[in-house]
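**Student:** Pasting the sequence and the predicted model now:
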Amino acid sequence: MARRARLFVVSGPSGVGKGTLVARLREQEPGLGLTVSATTRAPREGEVEGTSYYFLTEDEFDRRVAAGEFLEWAHVHGHRYGTLRAEAQRLMDQGRSVVLEIDVQGGINVRRVHPDAVLVFIEPPSAEELERRLRGRGTEDEASIQMRLANATKELGYADSYDVRIVNDDLDRAVAELAHVIDTYETDGGPF
Ligand SMILES: Nc1nc2c(ncn2[C@@H]2O[C@H](COP(=O)(O)OP(=O)(O)O)[C@@H](O)[C@H]2O)c(=O)[nH]1
Ligand SMILES: Nc1ncnc2c1ncn2[C@@H]1O[C@H](COP(=O)(O)OP(=O)(O)O)[C@@H](O)[C@H]1O
């Protein structure tokens, strides 16, 4: 059956395991593109410019917004994050399916521009497990953890407007489910 490259948005609360899931998926499916977002937040230890994010100053982010360079952008956890049009276009031009790991506001905005984008929401098995993962990651101070937990409740409220919901309980199972979703939507005669 014919396959077609598509745009996939992956969203979900901070600490649910989006980054882990997508990284595992890309080991299995090296052809899958992943956009590197721009952000005004400071790099975490070990994060690499141009690989983890494009780390921009507030002024540089403003300039790129004014120049219309963003496909979408949003305020998330007290900072700005956005997908550069050129970044998404470069991968789409290679005929690859592309994953955007972005927040729910971004997901809704991408759907306006690309109505056939597939929106996938990653859910935690429970609120307690989400907090355990967020703390276990050890990247955030207490204020940042509290903000992310408060925002998690709001983000979970958007799950209904997504096309697909996946519970990230057992990692291997969740990776397999995400791979299956991508395979199904890439195949003509899939759910659309
Ligand atoms: N709208 C939008 N959200 C983004 C983008 N890049 C990252 N995010 C979201 O910003 C949030 C914070 O990401 P990050 O600082 O890496 O923290 P983490 O979610 O705790 O790993 C997450 O919900 C991401 O999905 C983007 O380009 N656009
Ligand atoms: N299925 C899972 N079971 C247990 N721990 C997980 C699972 N998926 C991810 N984690 C862990 O949870 C933490 C947060 O994952 P991460 O990918 O950074 O989340 P996000 O990108 O959604 O903020 C990491 O320490 C990661 O190893």
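**Tutor:** Structure received. Ligands and ions are numbered 1, 2, ... in the order given.

**Student:** and the helix or strand containing Asp62, what other elements does it pack with?
**Tutor:** In the assignment (DSSP states H and E), Asp62 maps to helix 58-66. The contact analysis (3 or more C-beta pairs under 8 Å, 6 or more residues apart in numbering; DSSP states H and E) places helix 58-66 against strand 70-76, strand 79-84. (Glycine included, C-beta is placed from N, CA and C.)

**Student:** could you dump those to TSV with distance to ligand 1, mean pLDDT and mean neighbour count?
**Tutor:** TSV is the format used below for the helices and strands packed on helix 58-66 (distance: least, C-beta to the nearest ligand atom, whole Å; pLDDT from 0 to 100; neighbours: other C-beta atoms under 10 Å):
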stretch	distance to ligand 1	mean pLDDT	mean neighbour count
strand 70-76	4	97	20
strand 79-84	3	98	20
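
**Student:** can I get those in a markdown table with distance to Glu123?
**Tutor:** Compiled in a markdown table, the helices and strands packed on helix 58-66 are given as follows (distance: least, C-beta to C-beta, whole Å):
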| stretch | distance to Glu123 |
| --- | --- |
| strand 70-76 | 18 |
| strand 79-84 | 21 |
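
**Student:** which residues does Ser161 contact?
**Tutor:** The contact partners of Ser161, taken as C-beta atoms under 8 Å, 6 or more residues apart in numbering, are 108, 119.

**Student:** Recalculate using a threshold of 7 Å.
**Tutor:** Contacts for Ser161 were tallied using C-beta atoms under 7 Å, 6 or more residues apart in numbering; they are Ile108.

**Student:** Leaving out chain neighbours, which residue sits closest to Glu131?
**Tutor:** In space, and not counting its chain neighbours, Glu131 is closest to Leu149: 6.1 Å by C-beta to C-beta, 6 or more residues apart in numbering.

**Student:** how close does that neighbour get to Thr139?
**Tutor:** According to C-beta to C-beta, to the nearest Å, Leu149 stands 14 Å off from Thr139.

**Student:** One more: Glu131?
**Tutor:** For Glu131, the distance to Thr139 equals 14 Å [C-beta to C-beta].

**Student:** Please apply the same query to Gly106.
**Tutor:** Using C-beta to C-beta, Gly106 is found at 21 Å from Thr139.

**Student:** Give me the more crowded residue out of those two.
**Tutor:** The neighbour count for Gly106 versus Thr139, taken as other C-beta atoms under 10 Å, is higher for Gly106 (23 against 15).

**Student:** how about the more buried one, secondary structure?
**Tutor:** Under DSSP: H, G, I helix; E, B strand; the rest coil, Gly106 falls in the helix class.
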